[in-house]
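Chemist: I'll drop the sequence and a predicted model, then ask my questions.
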Amino acid sequence: MAFSPANEPIIELNGVRVAYGATTVLEVSSLRIAPAECVFVLGRSGSGKTTLARVIKSRVIPSAGVVRVLGTELHSPLDRRRLDRRIAMIDQEFFLVPRMTVVANVLMGSLGRVPVWQSLFGWYPVAEWEKAESILDEVELDGLGGRRVEALSGGQRQRVAIARALMQEAEILLADEPISNLDPELAEDALRLLVRCVQRRGMTLLVNLHQPRLARLFATRFLGLADGRIVSESPPERLDADEAEEFIHHSGAPAGGPDPAGVPSGRGAV
């Protein structure tokens, strides 16, 4: 059932801290993401972007704080299992099964609806096969359903990962550096495809990215992370791509004053 309460954030973090021993890797005082937002998270490697996505997906349990997703506060493994199928995630490495066909990989996105024993024999309902074929056409892989994933190009594998996530019929899609393995000339097209598919479904999208220029093209809001903290937040039109590139690749968190994108730190800064 789709999340629908008016004026309620679909993702909310309050006082969230993730630590391993004495090392804090993520600390978010407040973050709220509305339904159907397209939020891009910018930051250097190790800034906490992946940890933030994994907290929302419940792959990482915070050391402190409150995480509320789709109106549910995550307290127990049961809470997390109930939400798992409603939150899709595209990992940086895609985690496709190379020796399986394209359509078999995409059908794995329906496992929340299809009994495991059926999937082991490839006994998916006709409706699921039809849905998978339709999504493959949508991501421009029509006719490649019977090909093994190991025979595909990097760009084609990325589209299979997108198709599998869409097959899940989730309300939230988290994409962790989804274009990092693509040539620059392919990256913009792939990201445009992802955003178009998500917007068509009214999904909420959170993308971890290293490319500020692309964030300006597709985001409704961007967040800047450094040392596990949200240090900047603004709409994309206020994102200075050159200063953001400097922030991501050469510098750490700013010591007060303007944020790395040239705008004051907004809600969620700590």
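Modeler: Yes, it's here.

Chemist: Helices along this protein, start to end?
Modeler: Per DSSP state H, the chain carries helices over the ranges 49-57, 77-84, 102-107, 116-120, 126-138, 154-167, 184-201, 212-218, 241-249.

Chemist: Which of those helices has the lowest mean pLDDT?
Modeler: Least confident of the helices of the chain, judged by mean pLDDT, is helix 241-249 with a mean of 67.

Chemist: Kindly reformat the helices of the chain as TSV containing distance to residue 29 and mean neighbour count.
Modeler: C-beta here means a position set from N, CA and C on the backbone, and glycine is covered the same way. Output for the helices of the chain, formatted as TSV (distance: least, CB to CB, whole Å; neighbours: other CB atoms under 10 Å):
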stretch	distance to residue 29	mean neighbour count
helix 49-57	13	22
helix 77-84	23	14
helix 102-107	39	24
helix 116-120	40	10
helix 126-138	38	16
helix 154-167	30	23
helix 184-201	28	16
helix 212-218	22	20
helix 241-249	20	17
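
Chemist: Export those helices to CSV and append columns for distance to residue 34.
Modeler: As requested, the helices of the chain are arranged in CSV below (distance: least, CB to CB, whole Å):
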stretch, distance to residue 34
helix 49-57, 14
helix 77-84, 18
helix 102-107, 29
helix 116-120, 34
helix 126-138, 25
helix 154-167, 20
helix 184-201, 14
helix 212-218, 17
helix 241-249, 23
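
Chemist: among the ones you listed, which is nearest residue 93?
Modeler: Residue 93 lies closest, by CB to CB, to one member of these: helix 154-167, at 9.3 Å.

Chemist: Packing partners of that closest one?
Modeler: strand 87-90, helix 102-107, helix 126-138, helix 184-201 (3 or more CB pairs under 8 Å, 6 or more residues apart in numbering; DSSP states H and E).

Chemist: For residue 164, find the nearest of these.
Modeler: Smallest distance to residue 164 across the helices and strands packed on helix 154-167 (CB to CB): 5.0 Å, for helix 102-107.

Chemist: what's the closest non-adjacent residue to residue 9?
Modeler: Using CB to CB, 6 or more residues apart in numbering and skipping residues adjacent in sequence, the residue nearest residue 9 is residue 32, 4.0 Å away.
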